[in-house]
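*Asks:* Pasted the sequence and its predicted model underneath.
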Amino acid sequence: MKMMIVILGDQDAEHVLQALVDNDYRATRISSTGVFLRRGNTTILIGLEEERVDGAIELIRENTTVPEDTDRRRATLFVLPVSRYEQL
Amino acid sequence: MKMMIVILGDQDAEHVLQALVDNDYRATRISSTGVFLRRGNTTILIGLEEERVDGAIELIRENTTVPEDTDRRRATLFVLPVSRYEQL
Amino acid sequence: MKMMIVILGDQDAEHVLQALVDNDYRATRISSTGVFLRRGNTTILIGLEEERVDGAIELIRENTTVPEDTDRRRATLFVLPVSRYEQL
(Lines give C-alpha, C1' and ligand atoms only; values in the text may rest on other atoms or scores of the structure.)
Protein backbone atom coordinates (compact mmCIF):
# COMPACT_ATOMS: atom_id res chain seq x y z
CA MET A 1 0.00 0.00 0.00
CA LYS A 2 1.18 3.53 -0.78
CA MET A 3 0.00 7.03 0.06
CA MET A 4 0.18 9.42 -2.85
CA ILE A 5 0.10 13.15 -2.12
CA VAL A 6 -0.71 15.24 -5.19
CA ILE A 7 -0.50 19.04 -5.30
CA LEU A 8 -2.14 20.63 -8.32
CA GLY A 9 -3.87 23.82 -9.43
CA ASP A 10 -7.44 24.40 -8.22
CA GLN A 11 -8.68 24.60 -11.80
CA ASP A 12 -7.77 20.96 -12.41
CA ALA A 13 -8.83 19.50 -9.06
CA GLU A 14 -12.39 18.49 -9.98
CA HIS A 15 -11.38 16.82 -13.21
CA VAL A 16 -8.63 14.84 -11.55
CA LEU A 17 -10.82 13.77 -8.63
CA GLN A 18 -13.58 12.66 -10.96
CA ALA A 19 -11.16 10.67 -13.10
CA LEU A 20 -9.69 9.01 -10.02
CA VAL A 21 -13.11 8.03 -8.66
CA ASP A 22 -14.26 6.80 -12.06
CA ASN A 23 -11.27 4.49 -12.04
CA ASP A 24 -11.87 3.20 -8.51
CA TYR A 25 -9.12 5.14 -6.79
CA ARG A 26 -9.90 6.31 -3.29
CA ALA A 27 -9.06 9.98 -2.98
CA THR A 28 -9.55 12.73 -0.41
CA ARG A 29 -9.34 16.42 -1.24
CA ILE A 30 -7.63 18.64 1.28
CA SER A 31 -8.15 22.38 1.10
CA SER A 32 -4.82 24.07 0.76
CA THR A 33 -3.32 27.33 -0.26
CA GLY A 34 0.17 27.78 -1.11
CA VAL A 35 3.18 28.43 -2.96
CA PHE A 36 4.07 25.03 -4.31
CA LEU A 37 2.79 25.90 -7.76
CA ARG A 38 2.60 29.66 -7.17
CA ARG A 39 -1.21 29.82 -7.51
CA GLY A 40 -4.30 28.52 -5.71
CA ASN A 41 -3.85 24.83 -5.28
CA THR A 42 -5.42 21.68 -3.97
CA THR A 43 -3.85 18.74 -2.20
CA ILE A 44 -5.23 15.27 -2.87
CA LEU A 45 -4.46 12.17 -0.82
CA ILE A 46 -4.78 8.83 -2.59
CA GLY A 47 -4.41 5.49 -0.84
CA LEU A 48 -3.50 2.86 -3.41
CA GLU A 49 -1.70 -0.37 -4.08
CA GLU A 50 1.80 0.01 -5.47
CA GLU A 51 0.87 -1.53 -8.82
CA ARG A 52 -1.73 1.18 -9.36
CA VAL A 53 0.66 4.11 -8.89
CA ASP A 54 1.55 4.38 -12.58
CA GLY A 55 -2.11 4.35 -13.55
CA ALA A 56 -2.89 7.17 -11.12
CA ILE A 57 -0.03 9.27 -12.45
CA GLU A 58 -1.26 8.74 -16.00
CA LEU A 59 -4.79 9.84 -15.01
CA ILE A 60 -3.41 12.98 -13.35
CA ARG A 61 -1.37 13.75 -16.43
CA GLU A 62 -4.39 13.33 -18.71
CA ASN A 63 -6.65 15.51 -16.58
CA THR A 64 -4.46 18.52 -15.89
CA THR A 65 -3.96 21.52 -18.12
CA VAL A 66 -0.53 22.66 -19.22
CA PRO A 67 0.17 26.11 -17.69
CA GLU A 68 0.87 28.93 -20.13
CA ASP A 69 3.75 29.97 -17.93
CA THR A 70 6.34 27.36 -18.79
CA ASP A 71 7.97 27.78 -15.37
CA ARG A 72 4.94 26.20 -13.78
CA ARG A 73 4.12 22.54 -13.51
CA ARG A 74 0.79 20.81 -13.86
CA ALA A 75 1.17 18.84 -10.67
CA THR A 76 3.72 17.71 -8.13
CA LEU A 77 3.31 14.33 -6.54
CA PHE A 78 4.94 12.28 -3.81
CA VAL A 79 4.48 8.57 -3.22
CA LEU A 80 5.05 7.66 0.42
CA PRO A 81 5.63 4.18 1.84
CA VAL A 82 2.95 2.89 4.22
CA SER A 83 3.84 0.68 7.22
CA ARG A 84 0.29 -0.31 7.94
CA TYR A 85 -3.11 0.13 6.38
CA GLU A 86 -6.46 -0.55 8.04
CA GLN A 87 -10.06 -0.18 7.09
CA LEU A 88 -12.36 -0.16 10.11
CA MET B 1 7.85 7.65 15.66
CA LYS B 2 5.03 7.19 13.18
CA MET B 3 2.60 9.47 11.38
CA MET B 4 -0.93 8.11 11.29
CA ILE B 5 -3.34 9.57 8.73
CA VAL B 6 -6.98 8.79 9.52
CA ILE B 7 -9.88 9.53 7.17
CA LEU B 8 -13.31 9.27 8.73
CA GLY B 9 -16.82 10.66 8.45
CA ASP B 10 -17.42 14.20 9.73
CA GLN B 11 -20.03 12.94 12.17
CA ASP B 12 -17.41 10.98 14.09
CA ALA B 13 -14.56 13.48 13.96
CA GLU B 14 -15.23 15.29 17.24
CA HIS B 15 -15.66 12.11 19.23
CA VAL B 16 -12.48 10.62 17.88
CA LEU B 17 -10.45 13.78 18.42
CA GLN B 18 -11.69 14.11 21.98
CA ALA B 19 -10.89 10.47 22.74
CA LEU B 20 -7.40 10.89 21.27
CA VAL B 21 -6.68 14.01 23.32
CA ASP B 22 -8.08 12.45 26.49
CA ASN B 23 -5.57 9.65 25.99
CA ASP B 24 -2.63 11.98 25.38
CA TYR B 25 -2.38 11.48 21.64
CA ARG B 26 -1.35 14.54 19.66
CA ALA B 27 -3.73 15.02 16.78
CA THR B 28 -4.40 17.68 14.16
CA ARG B 29 -7.63 17.94 12.23
CA ILE B 30 -7.38 18.81 8.56
CA SER B 31 -10.44 20.03 6.72
CA SER B 32 -11.10 17.77 3.80
CA THR B 33 -13.82 16.83 1.43
CA GLY B 34 -13.82 13.79 -0.56
CA VAL B 35 -14.68 10.59 -1.95
CA PHE B 36 -12.69 8.25 0.23
CA LEU B 37 -15.75 7.27 2.22
CA ARG B 38 -18.28 8.74 -0.23
CA ARG B 39 -19.55 11.39 2.21
CA GLY B 40 -18.25 14.48 4.05
CA ASN B 41 -15.08 13.48 5.74
CA THR B 42 -12.29 14.66 7.97
CA THR B 43 -8.60 13.86 7.87
CA ILE B 44 -6.73 13.60 11.16
CA LEU B 45 -2.94 13.51 11.52
CA ILE B 46 -1.55 11.81 14.60
CA GLY B 47 2.13 11.78 15.51
CA LEU B 48 2.80 8.86 17.81
CA GLU B 49 5.30 6.28 18.97
CA GLU B 50 5.04 2.91 17.24
CA GLU B 51 3.95 1.14 20.44
CA ARG B 52 0.93 3.43 20.69
CA VAL B 53 -0.42 2.68 17.20
CA ASP B 54 -2.63 -0.21 18.32
CA GLY B 55 -4.11 1.89 21.11
CA ALA B 56 -4.97 4.70 18.69
CA ILE B 57 -6.66 2.27 16.31
CA GLU B 58 -8.69 0.85 19.18
CA LEU B 59 -9.81 4.35 20.21
CA ILE B 60 -10.84 5.14 16.64
CA ARG B 61 -12.78 1.92 16.43
CA GLU B 62 -14.59 2.63 19.71
CA ASN B 63 -15.52 6.19 18.75
CA THR B 64 -16.84 5.76 15.23
CA THR B 65 -20.33 4.76 14.24
CA VAL B 66 -21.01 1.82 11.95
CA PRO B 67 -22.53 3.12 8.69
CA GLU B 68 -25.97 1.80 7.77
CA ASP B 69 -24.72 1.30 4.25
CA THR B 70 -22.59 -1.81 4.60
CA ASP B 71 -20.44 -0.77 1.63
CA ARG B 72 -19.06 2.07 3.70
CA ARG B 73 -16.32 1.88 6.27
CA ARG B 74 -16.05 3.69 9.56
CA ALA B 75 -12.54 4.88 8.93
CA THR B 76 -9.53 4.30 6.73
CA LEU B 77 -6.10 4.74 8.23
CA PHE B 78 -2.50 4.70 7.07
CA VAL B 79 0.55 4.47 9.30
CA LEU B 80 3.59 6.09 7.68
CA PRO B 81 7.22 5.66 8.70
CA VAL B 82 8.97 8.81 9.96
CA SER B 83 12.65 9.47 9.24
CA ARG B 84 12.97 12.31 11.68
CA TYR B 85 10.84 13.96 14.32
CA GLU B 86 11.51 17.30 15.99
CA GLN B 87 9.77 19.49 18.48
CA LEU B 88 11.02 23.07 18.41
CA MET C 1 13.47 13.48 -1.68
CA LYS C 2 11.62 13.92 1.61
CA MET C 3 8.21 15.19 2.65
CA MET C 4 8.28 17.41 5.70
CA ILE C 5 5.05 17.97 7.61
CA VAL C 6 5.21 20.95 9.96
CA ILE C 7 2.51 21.82 12.49
CA LEU C 8 2.80 25.27 14.00
CA GLY C 9 0.70 28.06 15.49
CA ASP C 10 -1.36 30.19 13.10
CA GLN C 11 0.41 33.33 14.27
CA ASP C 12 3.71 32.08 12.85
CA ALA C 13 2.45 30.51 9.64
CA GLU C 14 2.87 33.50 7.33
CA HIS C 15 6.39 34.27 8.52
CA VAL C 16 7.49 30.69 8.11
CA LEU C 17 5.93 30.32 4.66
CA GLN C 18 7.52 33.55 3.48
CA ALA C 19 10.93 32.49 4.79
CA LEU C 20 10.60 29.11 3.09
CA VAL C 21 9.65 30.63 -0.25
CA ASP C 22 12.40 33.25 -0.02
CA ASN C 23 14.84 30.38 0.35
CA ASP C 24 13.44 28.40 -2.58
CA TYR C 25 11.63 25.76 -0.58
CA ARG C 26 8.38 24.53 -2.08
CA ALA C 27 5.67 24.63 0.55
CA THR C 28 1.91 24.16 0.68
CA ARG C 29 -0.27 25.42 3.49
CA ILE C 30 -3.06 23.17 4.66
CA SER C 31 -5.84 24.60 6.76
CA SER C 32 -6.06 22.71 9.99
CA THR C 33 -7.48 23.03 13.43
CA GLY C 34 -6.42 21.01 16.26
CA VAL C 35 -5.01 20.00 19.39
CA PHE C 36 -1.43 19.28 18.47
CA LEU C 37 -0.25 22.54 19.97
CA ARG C 38 -3.47 23.28 21.88
CA ARG C 39 -4.31 26.42 19.85
CA GLY C 40 -5.22 27.35 16.29
CA ASN C 41 -2.64 25.81 14.07
CA THR C 42 -1.50 25.41 10.51
CA THR C 43 -0.02 22.42 8.73
CA ILE C 44 2.62 23.00 6.08
CA LEU C 45 3.84 20.39 3.60
CA ILE C 46 7.34 20.85 2.22
CA GLY C 47 8.83 18.67 -0.51
CA LEU C 48 12.58 18.88 -0.31
CA GLU C 49 15.87 17.11 -0.91
CA GLU C 50 17.32 15.37 2.14
CA GLU C 51 20.30 17.70 2.30
CA ARG C 52 17.98 20.69 2.69
CA VAL C 53 16.11 19.34 5.71
CA ASP C 54 18.42 20.94 8.28
CA GLY C 55 18.14 24.29 6.52
CA ALA C 56 14.34 24.13 6.60
CA ILE C 57 14.33 23.29 10.30
CA GLU C 58 16.62 26.22 11.01
CA LEU C 59 14.32 28.58 9.07
CA ILE C 60 11.30 27.33 11.00
CA ARG C 61 13.14 27.83 14.26
CA GLU C 62 14.13 31.38 13.32
CA ASN C 63 10.63 32.36 12.24
CA THR C 64 8.50 31.04 15.08
CA THR C 65 7.80 32.76 18.37
CA VAL C 66 8.47 31.09 21.69
CA PRO C 67 5.13 30.52 23.48
CA GLU C 68 4.71 32.15 26.89
CA ASP C 69 3.28 28.90 28.16
CA THR C 70 6.38 26.78 28.52
CA ASP C 71 4.33 23.61 28.03
CA ARG C 72 3.78 24.56 24.43
CA ARG C 73 6.16 24.11 21.56
CA ARG C 74 6.85 26.43 18.66
CA ALA C 75 6.42 23.73 16.07
CA THR C 76 6.31 19.99 15.63
CA LEU C 77 7.73 18.48 12.48
CA PHE C 78 7.95 15.09 10.83
CA VAL C 79 10.23 14.15 7.96
CA LEU C 80 8.78 11.31 5.90
CA PRO C 81 10.62 9.15 3.39
CA VAL C 82 9.43 9.42 -0.23
CA SER C 83 9.42 6.40 -2.55
CA ARG C 84 8.82 8.39 -5.68
CA TYR C 85 8.63 12.02 -6.67
CA GLU C 86 7.27 13.39 -9.94
CA GLN C 87 6.68 16.78 -11.43
CA LEU C 88 4.22 16.70 -14.31
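*Replies:* Yep, that arrived.

*Asks:* any idea how far chain C is from A:Glu86?
*Replies:* When distance is defined by C-beta to the nearest C-beta, to the nearest Å, A:Glu86 is 19 Å away from chain C. Where you see a C-beta, it was placed from the backbone N, CA and C, and this is true even at glycine.

*Asks:* helix, strand or coil for that residue?
*Replies:* strand (DSSP: H, G, I helix; E, B strand; the rest coil).

*Asks:* For the residue nearest to it when sequence neighbours are not counted, grab the count of nearby residues.
*Replies:* Closest residue to A:Glu86 apart from its sequence neighbours, by C-beta to C-beta, 6 or more residues apart in numbering or on different chains: B:Leu77 at 5.1 Å. B:Leu77 is flanked by 23 other residues according to other C-beta atoms under 10 Å in any protein chain shown.

*Asks:* Look up the residues forming beta bridges with B:Leu77.
*Replies:* Note on B:Leu77: beta-bridge partners A:Glu86, B:Val6, judged by DSSP bridges.

*Asks:* Tell me where the model's unsure across chain A.
*Replies:* A:31-39 (pLDDT under 70).

*Asks:* for it, longest helix please?
*Replies:* Counting by DSSP state H, the longest helix found in chain A is helix A:10-22.

*Asks:* Against which helices or strands is that helix packed?
*Replies:* Under the contact criterion of 3 or more C-beta pairs under 8 Å, 6 or more residues apart in numbering or on different chains; DSSP states H and E, helix A:10-22 touches strand A:26-34, strand A:41-48, helix A:53-62.

*Asks:* Among the ones you listed, show me which one is buried the most.
*Replies:* strand A:41-48 (a mean of 23; mean count of other C-beta atoms under 10 Å in any protein chain shown).

*Asks:* Thanks again, I'm all set now.
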